[in-house]
Each structure stands twice: as structure tokens, then as C-alpha cells.
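In: Sequence and predicted model, in that order:
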Amino acid sequence: MTCKCCGKSDKWNADNIGDQSGKHAIVTGANSGVGYYTALELGRAGANVIIASRDKVRGNTALKQLRQEAPAASFRLELLDLSDQMSVRLFADRYLATNEPLDILVNNAGIMALPERELTVDGFEKQFGTNHLGHFSLTGLLLPALKQSKAPRVVSVSSKAVDFGKIEIDNLQSERLYKPMRTYGQSKLANLAFMLELGRRVPWLTSVASHPGITASNLQKHTFARFAKITGQPISDAALPSLRAAVGETQSGKFYGPKSWFQMRGTPVEVKLPNSTRNNELNNALWEESERLTGVCFQC
């Protein structure tokens, strides 16, 4: 199959990643699921990969497994709890202290559809605070390292659950109404709004997004677990949109997801952004509110 727009093959897979030797990458939530396979393939391709995990035991288990699967690759574990703004700051401080450039940041970690409304240690609704605000802060704090790269790239991993969501600036913390999937959908729409606004505000980096379609992973422990197990694609395939976004030929504002079955499975291709993310006024308002809530100002 070839793309009708450019005539090139759209059967993109791990063989298309290319040599990533000498590059430095961070993948959040890399101890399991899509993040694990994203880190694995980047490492196999030669990148120096930090697997960021909030759990030391699970992180070390993943690190051991990664090294077994790719013995020649370079992996390093760093603890990072995206639901805790102090943990985010400490992680960024440790990375900046290495004086290493950062070529690829994959904002992958997330939590989904918590049955009851929960708060982070900073008082934010937990899905919004983890999935959006944690990555917002992380990216802003790591800008000095990204700026050292010759071609820095930030990948925001979203979800098809955006179809369930709506960004409500006056209800970002879901205080007025909490519905597990609606709140999750809002946080994933926020990832896309952030991706677009980051590309506009920080033109010297490439800001793109991806979504994995459907796959059976720890993310579905509260909902859709059986459906994902029956219909989902292998996790290694679900990581391909993130990998294409991270290393493929692209430009800011692009969004990648599976090609087939309502973008639930298949080869990774460029997909259409939801119309709701095209509201520049709303994206700007979300950015400004995120700066206010986190205290992180992007000094570009």
C-alpha cells in the first residue's frame, strides 16, 4: 500500500526507525506497556534511553528485562512520579546536572478512568494532574537540555478516548462533574492541545503526538480490559505510532495513530486531529492555566 498524498509506502514498522546512535531519549512510563516497547526499540536503534518510572521495583524489573532483550543497548532507570510536581522537578534537576542534550522526549505515562475522583499530592484531579500537568512541567523544565540537541523532538502520547472528552477551562479539576472516561478524555485532549501550543510557542523543537489505538495493558485495569484483550493489537504494535512520531520524518503539529478499524489497530499513519483541538484561543487558555497551576514558565 502507498500513501495517496506522497506515493510512499505507509507500512511503517520498527525496521524503519533507523540508526539513533548518540541520541539521548527519555520515555515516561517505560516500565510497562507502550512505554516499555517504545524504550526497547529506541535502545535497539542505538539511543541512550532513560526509562522513567514512578515505582522502583517495577522499574528495576523492566530495566533487567530490557537489558536481556537488547544487551547491546543503553538503558538507565530514573524515578519519576508525574502526579507529584516535586518529583518532576527533582527528575529534571538530575537530568540537567548531567549536561547531556535531550534529543527525544516521549511523554507517554498515564493513568486512566479512575473509578472515583482522586487528587494528587498537589491537589490536582489525578488524571489531569498526571497525564497533562506532569508532562507540561516536565517538558518545560527540560527545555535547556532539549535546546542542546541539534534536532529536539517532543512526543505527546494521547488516546482515542479524546472522543469522550471536552476541555472545560472552568472545570479542569472535574470538581463540578466527575465521570471517569470523560475526565480521562479531557486529559488526553489536553495532551493534544499542549502539543500544538508547544510547537507554536517553541519553534526550535518538533512537537508531535501519537495514540496507540487499543491494546491490552495496565492502563485498562479500571475499564475496557476485556474489550482490549479481545480486540486489541499486540503492545509492541501499539508502540509503533509513538516510535514513528519520535523518529520519523515529520513536523510540528502532526498526529500519528493506527490505520485500520477506526484507528484501533494497524500500521502507524498520520491521522486527523480532533476538531476541538483547533481552537487556538482554548489551547492558549489551557497553556496559561497550566503555567499558573504548576508554576512552570517556558523560557524560550
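Out: Nice, I can see it. Numbering: from 1, shown residues only.

In: If you drop the residues flanking it in sequence, what lies closest to residue 93?
Out: Excluding the flanking residues, the one nearest residue 93 by CB to CB, 6 or more residues apart in numbering is residue 141, at 8.0 Å. For every residue, glycine as well, the C-beta is placed using N, CA and C.

In: next one: residue 273
Out: Nearest non-adjacent residue to residue 273, counting by CB to CB, 6+ apart: residue 255, 5.0 Å away.

In: How much space separates the one you found from residue 193?
Out: 12 Å (CB to CB, to the nearest Å).

In: Have a look at the two and say which one is more surrounded.
Out: Comparing residue 255 with residue 193 by other CB atoms under 10 Å, the one with more neighbours is residue 193, at 29 against 22.

In: wait, the more buried one sits on residue 286?
Out: Yes: between residue 193 and residue 286 there is a contact under CB atoms under 8 Å: 5.2 Å.

In: who touches both of the two?
Out: Both residue 193 and residue 286 are contacted by residue 167, under the criterion CB atoms under 8 Å, 6 or more residues apart in numbering.

In: picking up where we left off before, what's the residue nearest to residue 93 in contact with, if anything?
Out: 88-89, 92-93, 96, 296.

In: before we move on, what about residue 276?
Out: 162, 166-167, 189, 282.

In: I'd assumed it was in a helix, is it?
Out: Yes: under DSSP: H, G, I helix; E, B strand; the rest coil, residue 276 falls within a helix.

In: just to revisit the earlier point, need the contacts of residue 141 in CSV (columns: distance to residue 270, pLDDT and secondary structure).
Out: Formatted as CSV, the contacts of residue 141 follow (distance: CB to CB, whole Å; pLDDT from 0 to 100; DSSP: H, G, I helix; E, B strand; the rest coil):
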residue, distance to residue 270, pLDDT, secondary structure
88, 30, 98, helix
89, 34, 98, helix
92, 31, 98, helix
93, 36, 98, helix
96, 33, 98, helix
296, 30, 98, coil
